[in-house]
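Undergrad: Build me a model from this:
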Amino acid sequence: MYDKIICAIGLGSRERAERLLRTSSALLSPGGELIIVHVIERLASGHEGPDDWAVSVIKEAEDKLDGLCRRLGIIASIEVRTGTASKTLLTVAKEKNADLIVLATHVSDILDRIFGSTVEYVIRHAECSVLVERANKSHDKTTVESKPKKA
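TA: Residues are numbered from 1 along each chain as shown. I've put the predicted structure just below:
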């Protein structure tokens, strides 16, 4: 069990976000703190601070995550930040003195091969434990076929 967990929710499916939240909640010690982190990487450049559009995007993300937590009955604080996902997750983990970071992989693409993935960076640089949920297309489907039970 962990006292402070950072649960990184990205742009993946709602089902994946639910699984990450349930996993994080199940690993949390009684009285522990769950912090959901969503990082917005691409904001309009050329501005010192966030403009009206950026503020609305951040607010929308906070509202969606809050609604998801309420629906699942999970108590968590929500942090939506801007920046590079990998570095921002590590910054929040350090600020909050987290015991565990929970995040998920995605199907890698050419950019991951060139620049490296968020998960890879977090694993290499985290000062706490990291739990990685592997990408699995069948998990992200709305309906999953059940396997026949053995007799």
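
Undergrad: Neighbouring strands - and their directions - for the longest strand seen in the chain?
TA: For the chain, the strand reaching the highest residue count under DSSP state E is reported as strand 28-40. Strand pairing for strand 28-40, using DSSP bridges, gives strand 2-8 (parallel), strand 77-82 (parallel).

Undergrad: Show me how far the shortest one is from its chain's centre.
TA: In other words, strand 77-82. Relative to its parent chain, strand 77-82 has a centroid offset of 10 Å by Cα atoms, centre = their mean, to the nearest Å.

Undergrad: what comes up buried for that strand?
TA: Within strand 77-82, the residues scored as buried using 16 or more other Cβ atoms under 10 Å are 78-81. In short, each C-beta sits where N, CA and C put it, glycine included.

Undergrad: and Glu18, what does it touch?
TA: Going by Cβ atoms under 8 Å, 6 or more residues apart in numbering, Glu18 touches 68, 72.

Undergrad: From Ser25, how far off is it?
TA: 10 Å (Cβ to Cβ, to the nearest Å).

Undergrad: what touches both of the two?
TA: Residues touching both Glu18 and Ser25 by Cβ under 8 Å, 6+ apart: Leu72.

Undergrad: So what angle separates the directions of the longest helix belonging to the chain and strand 77-82?
TA: Longest helix in the chain, counting residues (DSSP state H): helix 52-72. Using axes from the mean of the first three to the mean of the last three Cα atoms, to 10 degrees, one finds that helix 52-72 and strand 77-82 are set 150 degrees apart in direction.

Undergrad: Does helix 52-72 pack against any helices or strands, and if so which?
TA: Judged by 3 or more Cβ pairs under 8 Å, 6 or more residues apart in numbering; DSSP states H and E, helix 52-72 is in contact with helix 14-27, strand 28-40, strand 77-82.

Undergrad: related to what we said a few turns ago, I'd like the strands paired with strand 28-40 as JSON lines, with distance to Thr88 and mean pLDDT appended.
TA: Below are those laid out as JSON lines (distance: least, Cβ to Cβ, whole Å; pLDDT from 0 to 100):
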{"stretch": "strand 2-8", "distance to Thr88": "9", "mean pLDDT": "97"}
{"stretch": "strand 77-82", "distance to Thr88": "5", "mean pLDDT": "94"}
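
Undergrad: what is the mean pLDDT for the longest strand of the chain?
TA: Average pLDDT, strand 28-40: 96.
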